[in-house]
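Enquirer: just a sequence and a predicted model for now, questions to come.
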Amino acid sequence: MKRLGMFALAAVLTAGALAGCRGADSTDKGASGAKSDVGITKEPCPKSEHKDRGCIYLGIISDLTVGPFHVLAVPITDAQKAFWKRVNAQGGIGGYDIDAETYVRDNKYNPQTHNEAYQEMKGKVLALAQSLGSPTTAAILPDMKTNNIIAAPAAWTSAYAFEDNILESGANYCIESMNAVDYANETFKPKTVMAVHLAGDYGDDAAAGAKIAAEKLGMTFINVKTDSGTDKQAGAVGAIVQQKPDLVILTTGPADAAAIVGGAAQRGFTGKFIGTSPSWNQGLLATAAAPALKALYLQSSPWKSWASDTPGHKAMREALGSSVTPNDGYTSGWVWSYPLLAALKKAQADGDLTRAGLLKAAKSLTKVDYEGMLPDGAGNYAGGADGIFRQSLIYNPTVGAGGPNDIKLEKDYFTGSVAKDYKLDKPCYEKL
Amino acid sequence: MKDFVESVLRGIGTGSVYALLGLGFVIIYKATRVISFAQPAFMLAGAVLVTYLVGPLGFFLGLAAAAVLTGGLALGVERLAVRPMIGRPVFTVAIITLGIDIAVRVVVNAAIGLDVRQVGDPWGLKVWKLPGGVQVEQRHVAMVLTTAVLIALLFVFFRYTRTGLAMRAASYDQEAALAQGVSVGAVFALSWALAGALAAVAGTFAAVGGSVSESLWLIALTALPVIILGGLDSLPGAVIGGLAVGTVQELTATYQGSLPWLGGNISVVTPYVVMFLVLLVRPYGLFGTREVERV
């Protein structure tokens, strides 16, 4: 009797282990016949109207409440939820709907919190529809590599060109700033370029791009680090006013950008500013710095703004509805979702929706259909660091282009001479 | 010389905002012996309230209303979250104020929305030209004058009103004050309300000429070295500490370019350097009360 009990216990434990372990070794065949392992169920998604479909769970870890990028992160997340709903409305992927709403967590822009959220969801999601922030994503990247988990980022650091598990989109900060300096060289011939930037791989990456371009184009480069907070910009303003560069590449938050541009103009500075996209917010046009911004400020951008006329932009506006306040956080969230969609479709076509299969599919992509939001050639993940996208745009965000919520495009997608020939052999910020 | 004078003027302007923030911290500390880490949230809440009230009420009435509302919010928070903790270690209460800070900021951030907001002040980035070509920003003059008026009002309140006297008595010895019929609970509540109102004014002036974004609260962190170098329980210390930190920070920002070996934006570190130097000489701050303990 005792021996029978032992057998029963062993049988129960074995069955339990097999049922509980839906790891990489345990694969299943779903509705489409594709192999699957983690983050995919035959049961429909909790909020799905399509009860005949299974569910692919994607996680989102973003800065949703008190972190410094909360203002961008909320629309990014809302746009991604709308993006995947549209995918479901268009038939889903291989008999599955996509759920990007069940596992949405706030990282407060804290790597520790980010990792906690990741650990909580990693056994339940196939991939991450968003992992916001470079330092936060760095906290989970080793584990993502171990477990073959891929993620769409919400950052443009050049370090992602070297990470197979990250599906970055658009020109990184480094390339964007190279192009900004190149644009300035063509239009108003600066002799001195100053990068005013936050520390870390946002600001440092852009500053490094400006430095590389300035040196290549024979300009003098000045590096000025600043800190977040409008009361902490006196040093940056002082440096600008004293050293009088012809061009300032600005990589800060919007409130800091207004303090710097407004403060420098008030003290007589007349040079140009080109800010990277996170430096701008349309609300700045109502601040006291608006006259200075209108006179001196241009903005580089990795993709076209909210009101642009492409099929992707139209689909985004339609999916989000007319009740949202136009904001390019939505545009970014929408654009960043296309590569993951392409990878899922490829993996499904390959008959392998396991994490390893999805990673393999993502690495094999030579192009992604961004529905016109990015030009042809974007999304070459098979090319590694050599395949990075090198085009960006220049806007004047202080001038309306005529359409509702539209801003003036100064230069459409272009690759500057420096970015065109630049060999990205390591993250740019390591060269600052 | 022109740069020096302009830097000092800017520093006094910014320093007066630090002084207001510091006063809020000190008032709560004197009453309850707790450093309230919720002050940054009240600062942000006050500024955001002004952005909503400036339309219907105008800047000055909107500021007054926001100060009253933020004071009420702080009072409510004290009643709900801090009051039940009386008798607990002050460290525990301080940690609770950290939680309050995050909770209030989450709500306020939602009210900010996706665009930065404006307090609609009448000064913007306008300047007055003084003899010698020296420029002084109108907003900095407004900051100094507002701070001076509020300090005068606080002085009158603490010196000549019964409630002010009760607050002073409670800050010296709570048990003795209780024995004399002072409601220490009311003193606690009033100190939170006063600190909340001061934070609202400070937050609004921190956004004058600029904008209100969710990162505005970071400015309040500079008040911590201010109150420690001034003396945690000293109202004059908070004022002098604020003005000193603002001035040193601006002067460093102006001249840091000639000291590149110090690294980038060294001016943001100067409040802590000044605090450290003062504490080396006076461990209780410039005007803090020396604690005597029987061992």
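Expert: It's in.

Enquirer: spell out which parts of the stretch 151-295 of chain B neighbour chain A.
Expert: B:206-207, B:209-216, B:218-219, B:222, B:249-250, B:252-254, B:256-257, B:263-268 (C-beta under 8 Å from any C-beta of the partner chain). (Glycine included, C-beta is placed from N, CA and C.)

Enquirer: and the buried ones among the residues you listed, selectable in ChimeraX?
Expert: Buried members of those can be picked out in ChimeraX with the line below, counting by 16 or more other C-beta atoms under 10 Å in any protein chain shown:
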select /B:206,207,209,210,211,212,213,214,215,216,218,219,222,249,250,252,253,254,256,264,265,266,267,268
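
Enquirer: what's the following helix or strand after the longest helix along chain B?
Expert: Of all the segments of type helix in chain B, defined by DSSP state H, the longest one is helix B:2-32. Using DSSP states H and E, the helix or strand that follows helix B:2-32 in sequence is helix B:39-57.

Enquirer: now that next one: buried residues?
Expert: Result for helix B:39-57 [16+ other C-beta under 10 Å]: buried residues B:39-51, B:53-54, B:57.

Enquirer: avg pLDDT for it?
Expert: The predicted model assigns helix B:39-57 a mean pLDDT of 96.

Enquirer: close to chain A, is it?
Expert: No. In terms of C-beta under 8 Å from any C-beta, no part of helix B:39-57 sits within range of chain A; the closest distance is 9.5 Å.

Enquirer: can you name the residues that contact B:Ser234?
Expert: Under the criterion of C-beta atoms under 8 Å, 6 or more residues apart in numbering or on different chains, the contact list for B:Ser234 reads B:Val26, B:Gly285, B:Leu286, B:Phe287, B:Gly288, B:Thr289.

Enquirer: if we can go back for a sec, and the longest helix of chain B, how far out from the chain middle?
Expert: Taking C-alpha atoms, centre = their mean, to the nearest Å, the mean C-alpha location of helix B:2-32 is offset from the chain mean by 7 Å.

Enquirer: again, but for stretch A:189-200
Expert: Stretch A:189-200 has its average C-alpha position 23 Å from the chain's average C-alpha position, going by C-alpha atoms, centre = their mean.

Enquirer: quick check: end-to-end length of it?
Expert: Between the opening and closing residues of stretch A:189-200 lies a distance of 29 Å (C-alpha to C-alpha, to the nearest Å).

Enquirer: equivalent analysis for stretch A:109-129, please.
Expert: Across stretch A:109-129, the terminal residues are separated by 17 Å (C-alpha to C-alpha).

Enquirer: that stretch near chain B anywhere?
Expert: No. No part of stretch A:109-129 sits close enough to chain B to count as contact by C-beta under 8 Å from any C-beta; the gap is at least 11.0 Å.

Enquirer: now stretch B:235-243: mean pLDDT?
Expert: For stretch B:235-243, the per-residue pLDDT values average out at 94.

Enquirer: buried ones in it?
Expert: Under the neighbour-count criterion of 16+ other C-beta under 10 Å, stretch B:235-243 has B:Leu235, B:Gly237, B:Ala238, B:Val239, B:Ile240, B:Gly241, B:Gly242, B:Leu243 buried.

Enquirer: which two in those are spaced the farthest apart?
Expert: Within the buried residues of stretch B:235-243, two members stand farthest from each other by C-beta to C-beta: B:Leu235 and B:Leu243, at 13.3 Å.

Enquirer: ranges for the strands of the stretch 301-432 of chain A?
Expert: A:352-353, A:392-396, A:408-414 (DSSP state E, counting those that start in this stretch).

Enquirer: mind checking which of the ones you listed is nearest chain B?
Expert: Comparison of these against chain B by C-beta to the nearest C-beta identifies strand A:392-396 as nearest, at 17.0 Å.

Enquirer: packing partners of that closest one?
Expert: Taking 3 or more C-beta pairs under 8 Å, 6 or more residues apart in numbering or on different chains; DSSP states H and E as the contact definition, the neighbouring helices and strands of strand A:392-396 are helix A:173-187, strand A:297-301, strand A:408-414.

Enquirer: the shortest one and chain B in contact?
Expert: Think strand A:297-301. No. Contact check for strand A:297-301 against chain B, using C-beta under 8 Å from any C-beta: none in range, with a minimum separation of 14.4 Å.

Enquirer: partner strands of that strand, with direction?
Expert: Strands adjacent to strand A:297-301 in the sheet, as given by DSSP bridges, are strand A:272-275 (parallel), strand A:392-396 (antiparallel).
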